[in-house]
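>>> The following comprises the amino acid sequence and a computationally predicted model.
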Amino acid sequence: MNPFNTKSLPAPLRALAIIMQRLWFAWCCMATLLIGLVALVFYFVIFNFIPAVKAKKYAYFVTKYWGKSLLAAMLVRLTSEGTEKVDSKEESYVIVSNHASIVDIPVCMSSSPLQFSYLAKIEVDRLPIIGYLARNMHVYVDRKSLGSRKETFGRMKAHLDDGNSIHIYAEGTRNKTDEMLLRFYDGAFRLAIETQRPLAVMTICGSEKVSTPKSPFLASPAHVHCIWDEPISTKGMTLEKDLKHLKSIVRDRILYNLEQYHASYEL
């Protein structure tokens, strides 16, 4: 579903709608900058004056409130269901979700009942400020380098062993197609099986109504709904027997949630 499809509108209304969406996109960029600068002050203090053992926990709380503040500024109404199914005190999880919009990042931070780190692309390291934050909070991977992928996998396992959850977008990138889901990569499911960690399955519904790569430089206020399914235990699973089946189960769950959401959504 493309939220910015205004072809059915009369030409004057269509032009006005696009202008308003471009202005809202500009406001969202400004809000991101302003709220990000405030959060950066807290991050600087945390990463430079607080012991590393506690720094990630404090940084996560700052990021969570950064996400909530940003969504509020964008007039994004966020609702969640099923968060009670995930026990944050029990153990660490591998979190998987779909990925349709750039706002999925603050959405996940705001919705998640778990403290987690992202699997971030190495390209993020080159971005001012964002690269600094990612180096201190998340796990990098260079997809073009086989050696880097193996090293990253080891870091992710160590991250989970320390009691920290990790969030991986199963599609690997934002969905720019008309399909509800892209194909899923093996990484998240391989990691869950090899570490015998449960999979926490999250479905993000409606974030493409806020912003989508299919219609760049446009944005709109919207309602985003997150669905958390019952975590899937990987105890006793092996890569040879269970990897493909596990990936299929998770993809079917997320696809079902998306289909149900879009079927009930009325323009």
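Nice, thanks for sending it over.

>>> which SS state does Cys226 fall under?
strand (DSSP: H, G, I helix; E, B strand; the rest coil).

>>> Against Met30, how distant is it?
26 Å (CB to CB, to the nearest Å). Just so you know, the C-beta spots here come from the backbone N, C-alpha and C atoms, and that holds for glycine as well.

>>> And the pLDDT at Lys7?
Looking at Lys7, its pLDDT is 64.

>>> typed the wrong thing, it's Lys68
We have a pLDDT of 96 for Lys68.

>>> Regarding Ile105, which helix or strand does it belong to?
In the assignment (DSSP states H and E), Ile105 maps to helix 104-111.

>>> what sits up against that helix?
Residues outside helix 104-111 that contact it (CB atoms under 8 Å, 6 or more residues apart in numbering): 63-64, 66-68, 70-71, 76, 78, 80, 83, 95, 97, 101, 118, 167, 169, 174, 202, 204, 207, 224, 226.

>>> Same check on stretch 241-248?
Counting by CB under 8 Å, 6+ apart, 170, 184, 186, 189-190, 192-193, 199, 232, 234, 237 sit against stretch 241-248.

>>> again, but for stretch 112-119
56-57, 60, 64, 83-84, 86, 88, 93, 95, 105, 134, 137-139, 141, 152, 156, 159, 164-169, 187, 200, 202, 228.

>>> Can you select the buried ones among the residues you listed for me in ChimeraX?
Buried residues within those, by 16 or more other CB atoms under 10 Å, are selected in ChimeraX with:
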select :56,60,64,83,86,93,95,105,134,137,138,139,141,152,156,159,164,165,166,167,168,169,187,200,202,228
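
>>> State the three-state secondary structure for Tyr65.
Counting by three-state DSSP, the three-state call for Tyr65 is helix.

>>> Skip the chain neighbours and tell me the closest residue to it.
Closest residue to Tyr65 apart from its sequence neighbours, by CB to CB, 6 or more residues apart in numbering: Ala39 at 8.0 Å.
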